[in-house]
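> Fold the following and give me the result.
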Amino acid sequence: MSETKKIKVTLVKSPIGTQSYHRASVRGLGLKRMNQSVVLDDTPAVRGMVTRANFLLKCEAV
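You can find the predicted model right below:
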């Protein structure tokens, strides 16, 4: 089995008052509450969502 890279994404700023596509990216990453973290596979789709809402998130390699 090959090891897939993982990233840990944390919501550090509220998406209230942001554009709808920023909120959709945050929800697509599986984040609902402030300071909630999820560990996701490091894929181009996930990277795109993180890049789109990067001012709301903190991202680190696991």
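> what about the strands in the chain?
6-11, 37-41, 57-61 (DSSP state E).
> tell me the angle of the first one relative to strand 37-41?
Right, the one you point to is strand 6-11. Strand 6-11 runs at 150 degrees relative to strand 37-41, counting by axes from the mean of the first three to the mean of the last three C-alpha atoms, to 10 degrees.
> Which other helices and strands does strand 6-11 contact?
Judged by 3 or more C-beta pairs under 8 Å, 6 or more residues apart in numbering; DSSP states H and E, the packing partners of strand 6-11 are strand 37-41, helix 44-52, strand 57-61. To be clear about C-beta, it is placed using only N, CA and C from the backbone, and glycine gets the same treatment.
> so who does Y21 touch?
R52 (C-beta atoms under 8 Å, 6 or more residues apart in numbering).
> Out of the strands of the chain, the one nearest V26 is which?
strand 6-11 (6.4 Å; C-beta to C-beta).
> what lines up beside that closest one in the sheet?
Strand 6-11 pairs in its sheet with strand 37-41 (antiparallel), strand 57-61 (antiparallel), by DSSP bridges.
> Let's see the last one as CSV, backbone CA atoms only.
Written as CSV, here are the backbone C-alpha positions of strand 57-61 (Å, rounded to 0.1, in the frame of the first residue of the first chain):
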residue,chain,number,x,y,z
LEU,A,57,-8.0,28.4,7.6
LYS,A,58,-4.8,27.1,9.1
CYS,A,59,-3.2,24.2,7.2
GLU,A,60,-0.4,22.0,8.3
ALA,A,61,1.2,18.7,7.1
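> ok, and for it, which residues are buried?
If you call a residue buried by 16 or more other C-beta atoms under 10 Å, then strand 57-61 has these buried ones: 57, 59.
> neighbours around the nearest residue to L40 once chain neighbours are set aside, how many?
What sits nearest to L40 in space, not counting adjacent residues and going by C-beta to C-beta, 6 or more residues apart in numbering, is V46, at 5.1 Å. For V46, the count of nearby residues is 19 (other C-beta atoms under 10 Å).
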